[in-house]
Structure formats: structure tokens, C-alpha cells
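> No letters, just coordinates:
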């Protein structure tokens, strides 16, 4: 081999070494870039509040949700991935792949009914995978690719990121307003319950009064019918035992006693006193306060069945 061939061989070896070094540098650079990419995606997932901007509509919705939670007497619970539909992960992958937050897309791809697809969309919103309802438009998909989604799911970040952001950063700014509204609503609830109770008691009183009036009306009609039967000769006589009179109410007896001073209204005796019907019961008299008086036994027997 001549000198030129030797020199040419060394030159080629040097070029090959340079190429190999460049390839190794490029591979290292690519590997570093991939590591940086994965690290950045993990950081994106871990940083729950990154680039979260709530609309005014969302803020008002979350304020109302917070107020409802505080005045509700029902037990509260937290969502986790186990609370979601079993198709949740698959539905998330479909929306992320197509970058379209649409219930109709889930219906077509998963062969679902409208209601279940709608519930899945709600689950995905709670998890922070799709954005809030925006009229007729499809919801925004908040995760950019399936790689980021898998990290998201693996790291157990299936929860309402947007509501968590609201609780941490926005809720304190509205605390005074919310507390005031909660106090107002609780007071309104108490007033409403009190009014409902009043209506129930009022109806009970009216029902009892109507029942008493109905009984009195039936008694008077019964007396009138018996009198007519006697006048027509169908009944031979009419006496108090036939009428089966009802006992005089205690409150009526008390009023008559207080009015007459507990003594006979004719002779003033307080011995062997009795309650007497001014218009005898057999002649249509009633057990009312105005138709009763106090007489002693002697005066009452002397009055007999006369009016007065």
C-alpha cells in the first residue's frame, strides 16, 4: 500500500468517527428531549391550578353550589373515580383523541343512550377533562393528548379541578356574600316551616269547629224531625230519653256557672243546684250558653217542662 492509500485510509477513519460522534450526540439530545417532555407533562398534571381560568358563569354556578351545600340537610360526599361510570376511562380517551367534548360522539363510539352519555360528560367535567357547558357548542377538551391523559389517570387526579380551584382561590373572596346569603336562606326556611305549621294547626282548628257545627246541625234537625213526627201523629210522645241528648260541653258549664255565680237564679240558693235548659230540650232547646241557667232542685222541679 502506498503512502497515499495510507493517508486516505486515516482520513476515512476520521470521518467515520466524526459521523458516529454526531449520531451519538443526536440520540442523547433526543432522549433528553423526551425526558424533558415527560417531565413537563407530569408537571402539568401535578399543577392542578395551572392555566385554570373560570368564567363568570362558572363562578356563579359554584357560588350557588356552595350555598346549597351549606344549607342542605342531606349528607355530603366527595367524588372519586370509583363513583364514575365504568366507561369513564374509555370515554375520556375518545374525547381526548378527537379533541371534541361531545355527548353525541360518545353515543356513536360507545353505542350508548343519551342519558348515559350525558352523565359521562358530567363526570368528565367534574374530573377536569372537559370544560363547562357552552350552549350548542361542543365542550372544550382540557387535556391535549392521550399521553397526558394516561398520566392524569395513573396519578389519580380524577377530581373536579376547576371546582377545587374555585374553593382555594375564589371562594375566600366571596365568603362574606355567601355567609350572608346562607343566613338569609336559613332564616327563610325557618319562617317557611313555621308558616306551614301554622297552616296545619289552623286547618285542625277549622276541622274541629266544622265538626262541632255539623253535630249541632244534625242534633237540631233531629229534634225538628221528631217534633214534626209527633205533630203528624206518627210518634205518640216526645221525651228527653228519646232524644238521647248529648252532654253539655264543660266549657259551656263553666261559663254558665261563672255568669250565675254558682247559685239558683230564682231564689239564690246554693243547695242542690242543677243546670236547667231555659227552653226545654224536648221543645227544641240546645246546650248553648244562652239557653242554660242554674236552678236549685226545688225551683227546677217547680218549673217542670215549661219555658223560662
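It's in. The shown structure was predicted, so the numbers you read here are calculated from the model rather than taken from an experiment.
> Where do the strands of the protein begin and end?
Here the chain has its strands, by DSSP state E, at 273-277, 292-296.
> quick one: the residue positioned nearest the centre of the chain from residue 182, how far?
Centroid check for the chain by C-alpha atoms, centre = their mean gives residue 72 as the closest residue, at 6.6 Å. Separation of residue 72 from residue 182 (C-beta to C-beta, to the nearest Å) stands at 11 Å. Where you see a C-beta, it was placed from the backbone N, CA and C, and this is true even at glycine.
> next one: residue 146
43 Å.
> do the same with residue 62
15 Å.
> quick one, which of the two is more surrounded?
For residue 62 versus residue 182, the count of surrounding residues by other C-beta atoms under 10 Å is larger for residue 62: 20 against 16.
> Test my guess that the more buried one contacts residue 166.
Yes - Residue 62 lies in contact with residue 166 (C-beta atoms under 8 Å); the separation is 4.5 Å.
> what do these two both touch?
Taking C-beta atoms under 8 Å, 6 or more residues apart in numbering as the contact rule, residue 62 and residue 166 both touch residue 54.
> average model confidence for stretch 186-194?
Averaged across stretch 186-194, the pLDDT comes to 89.
> in that stretch, what counts as buried?
By neighbour count with 16 or more other C-beta atoms under 10 Å, stretch 186-194 contains no buried residues.
> The stretch 151-300 of the chain: helices as residue ranges?
Along the stretch 151-300 of the chain, counting by DSSP state H, counting those that start in this stretch, helices occupy 161-165, 175-231, 240-243, 250-260, 297-303.
> By mean pLDDT, point me to the weakest helix or strand of the protein.
helix 240-243 (a mean of 47; mean pLDDT, DSSP states H and E).
> ok, residues contacting stretch 96-104?
95, 105, 114, 117-118, 120-121, 124, 129-131, 138-141, 143-146, 148-149.
> let's see it at 7 Å
By C-beta atoms under 7 Å, 6 or more residues apart in numbering, the surrounding residues in contact with stretch 96-104 are 95, 105, 117-118, 121, 130-131, 138-141, 143, 145-146, 149.
> In that stretch, which residues are buried?
96, 100, 101, 102, 103.
> Same question for stretch 62-76.
62, 63, 66, 67.
> Looks like the second one contacts residue 178 (just checking).
Yes - counting by C-beta atoms under 7 Å, residue 63 touches residue 178, with 6.3 Å between them.
> Residue ranges of each domain in the chain, please.
56-184, 247-303 (automatic domain parsing).
> Next, format the ones you listed as CSV and append distance to residue 208.
Output for those, formatted as CSV (distance: least, C-beta to C-beta, whole Å):
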stretch, distance to residue 208
domain 56-184, 33
domain 247-303, 12
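> Those: lowest mean pLDDT?
domain 56-184 (a mean of 81).
> End to end on that domain, go ahead and measure it.
End-to-end span of domain 56-184 (C-alpha to C-alpha, to the nearest Å): 23 Å.
> what about it, distance to the chain center?
Computed by C-alpha atoms, centre = their mean, to the nearest Å, the chain-centroid distance of domain 56-184 equals 21 Å.
> Then stretch 286-299?
For stretch 286-299, the distance to the chain centre is 58 Å (C-alpha atoms, centre = their mean).
> Counting neighbours, which bits of that stretch end up buried?
For stretch 286-299, burial by neighbour count (16+ other C-beta under 10 Å) applies to 286, 287, 291, 292, 293, 294, 295, 296, 299.
> before we move on, what about stretch 131-140?
Those would be 131, 138, 139, for stretch 131-140 by 16+ other C-beta under 10 Å.
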